[in-house]
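Trainee: Only the shape, not the letters, is given here:
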């Protein structure tokens, strides 16, 4: 560079103050067996155990750790959250039949569910014959 010194990029290492990678993996498996979702596990590790990022400490995401440990997570969390939202909108529309913005919102959410489900079927996270049906959606997210 002309006119100035060229400074090397500094890569900051994660400080080794918290638990080790193996301890973090044990925490993840234990919390998953207690019924916590992947996002809840991340929040609990951050708040209670001082792990700012599971991926930085272990080199793997929480979902990768769970699949390596053989802990079954069921439906992907983002899909479950969308299905819950669709169920809530269905209940709202049953009570408020003239609420057109909510009807449109329901259509948008259900389109996102279909798109996400297609992605997960393609990548093998859902079975090939998995279909979203609004009548059975409330049973899926219990």
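Mentor: Received it, and whenever you're ready, just let me know what you need. Quantities reported herein were computed from a predicted structural model and do not represent experimental measurements. Numbers count the residues shown, from 1 in each chain.

Trainee: Quick one, grab the pLDDT at the spatially most central residue of the chain.
Mentor: The centroid of the chain falls nearest to residue 77 when counting by Cα atoms, centre = their mean (4.3 Å). For residue 77, the pLDDT comes out at 89.

Trainee: What are the buried residues along the helix or strand of the chain with the lowest mean pLDDT?
Mentor: None of the helices or strands of the chain scores lower by mean pLDDT, DSSP states H and E than helix 137-140, at a mean of 81. Within helix 137-140, the residues that count as buried by 16 or more other Cβ atoms under 10 Å are residue 137. From N, CA and C alone the C-beta is placed, and that goes for glycine too.

Trainee: so what secondary structure elements neighbour that helix?
Mentor: With contacts defined as 3 or more Cβ pairs under 8 Å, 6 or more residues apart in numbering; DSSP states H and E, helix 137-140 has these neighbours: helix 77-95.

Trainee: Rounded mean pLDDT for the helix or strand where residue 57 lies, please.
Mentor: If you go by DSSP states H and E, residue 57 is part of helix 54-58. Helix 54-58 shows an average pLDDT of 87 in the prediction.

Trainee: ok, back up a step: any chance you could list what contacts the least confident helix or strand of the chain?
Mentor: Helix 137-140 is contacted from outside by 75, 80, 83, 86-87, 90, using Cβ atoms under 8 Å, 6 or more residues apart in numbering.

Trainee: Repeat that for stretch 105-117.
Mentor: Residues outside stretch 105-117 that contact it (Cβ under 8 Å, 6+ apart): 76, 78-79, 82-83, 85-86, 89-90, 93, 126, 130-132, 134.

Trainee: where's the dip in pLDDT among those residues?
Mentor: residue 134 (85).

Trainee: Check the burial of the nearest residue to residue 20 once chain neighbours are set aside by counting its neighbours.
Mentor: Nearest residue to residue 20 in three dimensions, chain neighbours excluded: residue 57, at 7.9 Å (Cβ to Cβ, 6 or more residues apart in numbering). Using other Cβ atoms under 10 Å, residue 57 has 19 neighbouring residues.
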